[in-house]
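Undergrad: What follows is a predicted protein model with its sequence.
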Amino acid sequence: MMMTDRERNELLLPSDDSLEDIDADTYWRLDGLDDMHFDVSPPDIELEAILLLDDPAFVGDERFLERLRAIYGVVTEKALDVAYEG
């Protein structure tokens, strides 16, 4: 059974009652950042985003994936350095 737009909106959008519980003065404060943890690591599947788009033959460069692999490697290394710096 498919959901109607109304049913989907009821699930996704807050009800008027839940909006009453939001304190506008503190909503945008960054409390609780110490409890947030991020895992920055190389992707599990190399070039996954590109591979999901299928064969990039349209580029007309036989070495395209090889070049991207090198770029992704450098970017991943830099991202890890930045993430765990200091």
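TA: Happy to help now that I have it. Numbers count the residues shown, from 1 in each chain.
Undergrad: biggest helix in the protein, by residue count?
TA: In the chain, with assignment by DSSP state H, the single longest helix is helix 64-83.
Undergrad: What lies in contact with it?
TA: When contacts are defined by C-beta atoms under 8 Å, 6 or more residues apart in numbering, helix 64-83 is touched by residues 38, 40-43, 46-47, 50, 56, 61. For every residue, glycine as well, the C-beta is placed using N, CA and C.
Undergrad: Identify each buried residue in that helix, please.
TA: 65, 68, 72 (16 or more other C-beta atoms under 10 Å).
Undergrad: what do you get for stretch 33-41?
TA: Per 16+ other C-beta under 10 Å, stretch 33-41 contains no buried residues.
Undergrad: Quick one: end-to-end distance for it.
TA: One end of stretch 33-41 sits 20 Å from the other (C-alpha to C-alpha, to the nearest Å).
Undergrad: What's the mean pLDDT across that stretch?
TA: Averaged over stretch 33-41, pLDDT sits at 79.
Undergrad: After the helix or strand of the chain with the lowest mean pLDDT, which helix or strand is next? Please name it.
TA: One helix or strand of the chain scores below all others by mean pLDDT, DSSP states H and E: helix 16-19, with a mean of 63. Proceeding N to C from helix 16-19, the next assigned helix or strand is helix 48-52, under DSSP states H and E.
Undergrad: hang on, the earlier thing: distance to Asp21 for the buried residues of helix 64-83 - can I get that in CSV?
TA: As requested, the buried residues of helix 64-83 are exported to CSV (distance: C-beta to C-beta, whole Å):
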residue, distance to Asp21
Leu65, 50
Leu68, 47
Tyr72, 43
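Undergrad: and of those residues, the nearest to Glu7?
TA: Tyr72 (41.1 Å; C-beta to C-beta).
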